[in-house]
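*Asks:* Sequence plus the predicted model coming up.
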Amino acid sequence: QVQLVESGGGLVQAGGSLRLSCAASGRTVSSPVMAWFRQGPAKEREFVAAIKTTDDYTAYAGSVKGRFTISSDNGKNTVYLQMNNLKPEDTAHYYCTTGALVSTSPVNYRAWGQGTQVTVSA
């Protein structure tokens, strides 16, 4: 059974940076993709970034491209999300997930962590 544990969230001023981590256990070769989604208050869960750990293919939402970077350390089975130049609209609960294909829809992912809160003040 896949378990995902996120960490690294917190409160930061606009323009600041945070790095989120997601430690995965129990993940199989059938789930090579790791992704981050976020959900703000009264909003739907939205795609942020994904990485295919077998070839390091990455994908980003337009709203974070150029500011966020997703990476993986396969030896540690951990995925990171480096977030720079944070904006108040990035405030959300950030979730890590895993799946078979890179997709922007949450329905295509199989397991979810509990998430970590990111709050960006103006």
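*Replies:* Perfect, I can see it now. Numbering: from 1, shown residues only.
*Asks:* What segments of this structure are strands?
*Replies:* Under the criterion DSSP state E, strands of the chain are mapped to 3-7, 10-13, 18-25, 33-39, 46-52, 57-60, 68-73, 78-83, 92-99, 111-112, 116-121.
*Asks:* For residue 105, which of those is the nearest?
*Replies:* Evaluated over the strands of the chain, closeness to residue 105 peaks at strand 46-52, with 7.4 Å, by Cβ to Cβ. Backbone N, C-alpha and C define where each C-beta goes, glycine included.
*Asks:* Nearest spatial neighbour of residue 105, chain-adjacent residues omitted?
*Replies:* Nearest residue to residue 105, sequence neighbours excluded (Cβ to Cβ, 6 or more residues apart in numbering): residue 47, at 7.4 Å.
*Asks:* Residue 40 too?
*Replies:* residue 92 (4.2 Å).
*Asks:* Okay, now the sheet partners of the worst-scoring helix or strand of the chain on mean pLDDT, with direction.
*Replies:* One helix or strand of the chain scores below all others by mean pLDDT, DSSP states H and E: strand 111-112, with a mean of 93. Here strand 111-112 is paired, per DSSP bridges, with strand 92-99 (antiparallel).
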